[in-house]
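Student: kindly generate the corresponding structure for this input.
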Amino acid sequence: MAVPAAASVRDANRYRPPAITGLVDLLDRQVRERPRARALVVTGERVQLSYRALAALADDVAARLGGTGLRRGDAVGLIGANTAEFVVALLGAARAGLVVAPLDPALPESQLSARLEALGAQAVLLGPPAADAPAIAPVRVPAWALRVDVSRAGTAAVALETGAGAVRHVRGAAAELVPEDALVLFTAGTTDLAKMVPLTHANVAASVRNICATYELDPADATVAVMPFFHGHGLFAALLASLASGGCVLLPERGRFSAGTFWDDMRAAAATWFTAVPTIHEILLDRSEVDYPGPPVPPLRFVRSCSAPLNTATQRALERTFGAPLLSAYGMTESTHQATSEPLPQRGSLKHGSVGRATGVDLRVVDRNGHVCPVGVQGEVWVHGPTVARGYLAAAAETAHGFADGWLCTGDLGSLDKDGYLSLTGRIKNLINRGGEKISPEYIEDVLAGCPGVCEAAVFAVPDATYGQRVGAAVVVRADESIGAEEILQYCRDRLAAFEVPDRLELVAALPHTAKGGLDRLAVEARYGQR
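Tutor: This next block holds a predicted model:
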C-alpha cells in the first residue's frame, strides 16, 4: 500500500527515544524545553493542558499525599476513567514515591476490595467514573476522591479529599515490593485473586522507550485515548509513550471510547495515530461510511492494533479506508505491554497475519522441553529483556511456572519466520478472549456454582464476529429447583463485571466428564460452543 508522505520524513538514524528513568521524570524534558506545549486535551470544551500545568498538578498531588502519613514505597490503588484525574493521580503518586495499582472501575466491590486487600494497599485514589457508568463501588480501604478543575484558559487546580487516614499495618503482597517498583498491574484474568505483576521504573522506562522508537513518536504526534488506562495497552502505548515523547493525548469527554465522537476527537487533537483492540477497529470500520469524515481528518501516520488477533481482511480494509498502515503489535502485562510490532513501512516489511518483530526484547519459540524451535515451527513464545517483570507478587508457584531464567513463558503458541516476524497461532491456556478482555471460565463457574439451585456449570468460548469470542455457559440445575436462566444471569450481573456475564446460558440435564471425574472441557466446547 502507499505510505503517507508524512511517514517518510523521519530519519531512523536520527531518531532518539526519550531518555527517561521511569514515571517520576516522565515529563521533565518537556517541562524544561516545551513548557507551554499541550500535553492533554480535556473536558467537553477540549481545553489544552500544557506540560507545565500537568507537572504542577502532579507536584501538588505529590505534596498532598506526602502529608497523609503514606511513606515511600507504600502501595495505593487508583480507580477512575480516562480523565485528567487519572493522569494527575498516577504521576503525582509516582512523584511521592508510591507504588500505584490501577484497577478497572467496572469491577464489583468484591473484586475491587479483594485485589486491594491482596496487594496491601494503604489507600485508593478515586477519579470520576466514565459518563453514564455506575458509580465506582465502595471499597474496604480509605478512598480519597481526587478532582481536577480546568478553566477554558488552560489553568487548572486539584482537590484531594483525604479525610480518612491511610491504613497502617496492613497485610498483603506489598511486603514484597522493592524500592525500584513503580506499578502493580493485575493480570487480565478475572478471579478475585488475579495475579499481581510488579513493574519497576526501569521496566516502565524501557517499555516507553521501545514503543516510542518503534513508531518514532515525537512532539509532532497526537492521539486520542481509546483504550482504558488501567490496562497496559492504554497506559503504556497511548498515554505514557505520548507524554514521554512530547506528544499530546486527547481524553474523550465521556472518559472512554465513543464511536460517535471518535472522529471529531481525532480532528480536534490533529491526531496522527491511534491504538485500539480489534473489536474497536471493527466498529470503526463498520461505521466508516457514516462516521469517517475523510479529508477533514488530518492524515494518519499509522494505526496500531494490539491485545487480540486482528484478521488480515479487516487489516487491509482498515488501511484502504483510513489511508494509513495498520500495524499489529503483541504484548503482555508481564512484559510491560509491547514485546513485538510490525514496523513502520519505511523501516521494514509489513507482514499481515503476523504481530511483527521484537521491539527491544529477545524472542524465543520453544517446544515442550524448552528447546528452541526451528524457523516456522510452532511452540510456546518466550520473551526476555528489560521490560520483563521479575515475577508475580505472593505467587511463588505461578512465578516458577511462568518465568524461567529471566525468560517470560507467555503461554501463547506461535512461530517465527526467517526475518524474525512472530505469528501467533493460539493459546495454551483456556482463557476466553472477549474483545481483548481475558476471561477465566473457572472463575465464572465458581460464581455460577454459588447461585442457589445450581448444581454444576461449564463456561466456554462462543465464536463471535465482533468480539472474537463471547462467554457461553451450560448449567445443571438441581432436580428439585425451578430457577430459570434469567434468574441465574441476574445473579451473575450482581457479582461479575459486565464483560464476564455469560452472553448465552443454556440449562442442561448433565455435563460431560473425563474418566477421572473432572469436567471434560473439549467435550463441552464441542457440544455447546459451536451452536
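Student: which residue is nearest the middle of this structure?
Tutor: Central residue of the chain (CA atoms, centre = their mean): His231, 2.2 Å from the mean position.
Student: what's the nearest residue to Glu180 if we skip its chain neighbours?
Tutor: In this structure, Glu180 finds its nearest non-sequential neighbour in Thr200, 4.2 Å apart by CB to CB, 6 or more residues apart in numbering. The C-beta positions use only the backbone N, C-alpha and C, and glycine is treated the same way.
Student: typo on my end, it should be Arg427
Tutor: That would be Asp412: by CB to CB, 6+ apart, it lies 5.9 Å from Arg427.
Student: then Gly67?
Tutor: Gly67 sits nearest to Thr162 (CB to CB, 6+ apart), 7.9 Å away.
Student: shouldn't the one you found be in contact with Ala145?
Tutor: No: using CB atoms under 8 Å, Thr162 is not in contact with Ala145; the gap is 9.1 Å.
Student: ok, back up a step: and the one helix or strand the residue nearest to Arg427 maps to, what does it pack onto?
Tutor: Using DSSP states H and E, Asp412 sits in strand 407-416. On a contact count with 3 or more CB pairs under 8 Å, 6 or more residues apart in numbering; DSSP states H and E, strand 407-416 meets strand 362-366, strand 379-384, helix 396-402, strand 422-427.
Student: can we see that at 7 Å?
Tutor: The contact analysis (3 or more CB pairs under 7 Å, 6 or more residues apart in numbering; DSSP states H and E) places strand 407-416 against strand 362-366, strand 379-384, strand 422-427.
Student: Ser354: which of these is closest?
Tutor: Ser354 lies closest to strand 422-427 among the helices and strands packed on strand 407-416, at 4.8 Å (CB to CB).
Student: how close does the closest residue to Ser305 other than its chain neighbours get to Arg320?
Tutor: Residue nearest to Ser305 in three dimensions, not counting chain neighbours: Ser328, with 5.2 Å by CB to CB, 6+ apart. Relative to Arg320, Ser328 is positioned 16 Å away (CB to CB, to the nearest Å).
Student: ok, back up a step: check what pLDDT the residue nearest to the centre of the chain gets.
Tutor: His231 is assigned a pLDDT of 92 by the prediction.
Student: could you measure from it over to Thr410?
Tutor: According to CB to CB, His231 stands 17 Å off from Thr410.
Student: can you check Leu57 too?
Tutor: Distance from Leu57 to Thr410, by CB to CB: 37 Å.
Student: again, but for Ser341
Tutor: Counting by CB to CB, the separation of Ser341 from Thr410 is 16 Å.
Student: which one of those two has more residues nearby?
Tutor: Ser341 (26 against 23; other CB atoms under 10 Å).
Student: show me how far stretch 272-284 is from its chain's centre.
Tutor: 14 Å (CA atoms, centre = their mean, to the nearest Å).
Student: buried sites along that stretch?
Tutor: 272-284 (16 or more other CB atoms under 10 Å).
Student: measure it end to end?
Tutor: Terminal residues of stretch 272-284 lie 16 Å apart, using CA to CA, to the nearest Å.
Student: pLDDT on that stretch, on average?
Tutor: If you average the pLDDT over stretch 272-284, you get 91.
Student: can you start the count at 29 instead of 1 from here on
Tutor: Done: numbering now begins at 29, and the last item shifts to stretch 300-312.
Student: got the contact list for that stretch?
Tutor: With contacts defined as CB atoms under 7 Å, 6 or more residues apart in numbering, stretch 300-312 is touched by 243, 248-252, 254-255, 261, 265-266, 285, 287, 290, 326, 328-338, 342, 346, 463-464, 494-496.
Student: just the ones of these in helices?
Tutor: Counting by DSSP state H, the part of these found in helices is 243, 290, 342, 346.
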